[in-house]
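Q: let's see this in three dimensions:
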Amino acid sequence: MKIESLHIGMSVLHPQYGTGTVKSIAENAADILFTDGKRTVSPESAGLEPAEASAALSGLNVPLKQLVREAVEDTIASLGIEKPEASASKIGQRWHKGKIVMHPHDPALQTKEVEMDVFFHKVVMVRNNLRVLEQKINAHEKLSDAEKVEMQQYITRSYGSLTTFNVLFREKEDQF
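A: Below you'll find the predicted structure:
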């Protein structure tokens, strides 16, 4: 492994010392922290190898930060995950700044108040998690079609149980 390939914090594999973490890099050697202590090794002659997956990009025409941000945003969108602030804006106007108040039957117990935006966010997160679960079931390679259908029925029933909360949503297409 060439010294130019190393970076501080990288996990590497040494044939004799095992896995270690690069702590500093000099011209021809690197200080690597192994389980038995720190050692200075020459990566090229020591047979050092990366212990983690790596990627090389060439001909990149956009800044790396932008590339990573776009990749993360696309992944989040494909999973159907929403930003918390995005879900709060989809709550029906009449519920903004509202509260849910729960009174226990026993007067000795304390009443619980929850901000409507917080409650709505939790309902939306349940919906999003059900969507992700649904996608994972459909994409699972070891489940048979019959098993996928059976699990889908539980998700469908869960959506049905959550229809009570449809009144909270501003847009009909966001409902269960």
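Q: quick one: neighbours of Gly98, just the number.
A: 16 (other Cβ atoms under 10 Å). For every residue, glycine as well, the C-beta is placed using N, CA and C.
Q: longest helix anywhere in this structure?
A: If each helix of the chain is counted by residues according to DSSP state H, the longest one is helix 116-139.
Q: what about the following helix or strand past that one, distance to the chain center?
A: Next helix or strand after helix 116-139 toward the C-terminus (DSSP states H and E): helix 145-161. Its chain's C-alpha centre and that of helix 145-161 lie 24 Å apart, by Cα atoms, centre = their mean, to the nearest Å.
Q: and the helices in the protein?
A: 43-46, 64-79, 84-88, 116-139, 145-161.
Q: which strands or helices does the last one pack on?
A: Just to be clear, that refers to helix 145-161. Packing contacts for helix 145-161, counted by 3 or more Cβ pairs under 8 Å, 6 or more residues apart in numbering; DSSP states H and E, involve helix 116-139.
Q: contacts for stretch 22-36?
A: 3, 6-12, 14, 17-21, 38-43, 48 (Cβ atoms under 8 Å, 6 or more residues apart in numbering).
Q: just the buried ones from those residues?
A: By neighbour count, with 16 or more other Cβ atoms under 10 Å, these hold Leu6, Met10, Val12, His14, Tyr17, Gly20, Arg39, Val41, Pro43, Leu48 as buried.
Q: the residues you listed in strands, which ones?
A: Val12, His14, Gly20, Arg39, Val41 (DSSP state E).
Q: what's the farthest-apart pair in those residues?
A: Val12 and Arg39 (11.2 Å; Cβ to Cβ).
Q: what residues are shared contacts of the two?
A: With Cβ under 8 Å, 6+ apart as the test, Val12 and Arg39 both reach Gly20, Ile32.
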